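Enquirer: my questions are about this predicted structure, shown below with the sequence.
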Amino acid sequence: MYLLSLLIIVVLVYFFFQHNNTLLLLITLAIGGYIVYSHETGHTATEFKNDMVNSINDEAQGFEGRKGIKRFDPQKMKEEVEGNQ
């Protein structure tokens with residue numbers, strides 16, 4: 001599958017080069033670079049995304065307790081606004 005992907009990338013790059021489509025050529029080269037990088041290192045975009053989501057989730061846990069911020073209460077906010085008029 002890896003070699004097939006690289007073959008498809010090479011064919012697409014050649015096709016875009018022949019038709020003078022530089023933007024798609026560069027995008028295809030970037031995709032090819034990502035395929036080679038992820039194959040060689042084992043790191044994937046999905047793994048990176050999951051790490052970021054888990055990091056944000058871990059930081060959000062207990063935020064209210066650490067920062068002393070109480071939950072938003074729209075009724076209380078309405079009473080405060082009406083009381084100040």
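Expert: Now that the structure is in, tell me what you want to look at. Just so it is clear, the model here is predicted, and its values are computed rather than measured.

Enquirer: who's in contact with the longest helix along the chain?
Expert: Assignment by DSSP state H gives helix 22-41 as the longest helix of the chain. Applying CB atoms under 8 Å, 6 or more residues apart in numbering, the contact partners of helix 22-41 are 2, 5-6, 9-10, 12-13, 16-17, 43-45. All C-beta spots, glycine's among them, are computed from the backbone N, C-alpha and C.

Enquirer: same thing with stretch 5-12?
Expert: Identification of contacts with stretch 5-12 by CB under 8 Å, 6+ apart yields 24, 28-29, 31-32, 35-36.

Enquirer: filter those residues down to the buried ones and hand me the PyMOL line.
Expert: With 16 or more other CB atoms under 10 Å as the burial test, the buried ones among these are selected in PyMOL as follows:
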select buried, resi 28+32
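
Enquirer: kindly reformat the contacts of stretch 5-12 as CSV and extend each row with distance to Asp58.
Expert: Converted to CSV, the contacts of stretch 5-12 look like this (distance: CB to CB, whole Å):
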residue, distance to Asp58
Leu24, 39
Thr28, 37
Leu29, 36
Ile31, 31
Gly32, 34
Ile35, 31
Val36, 32
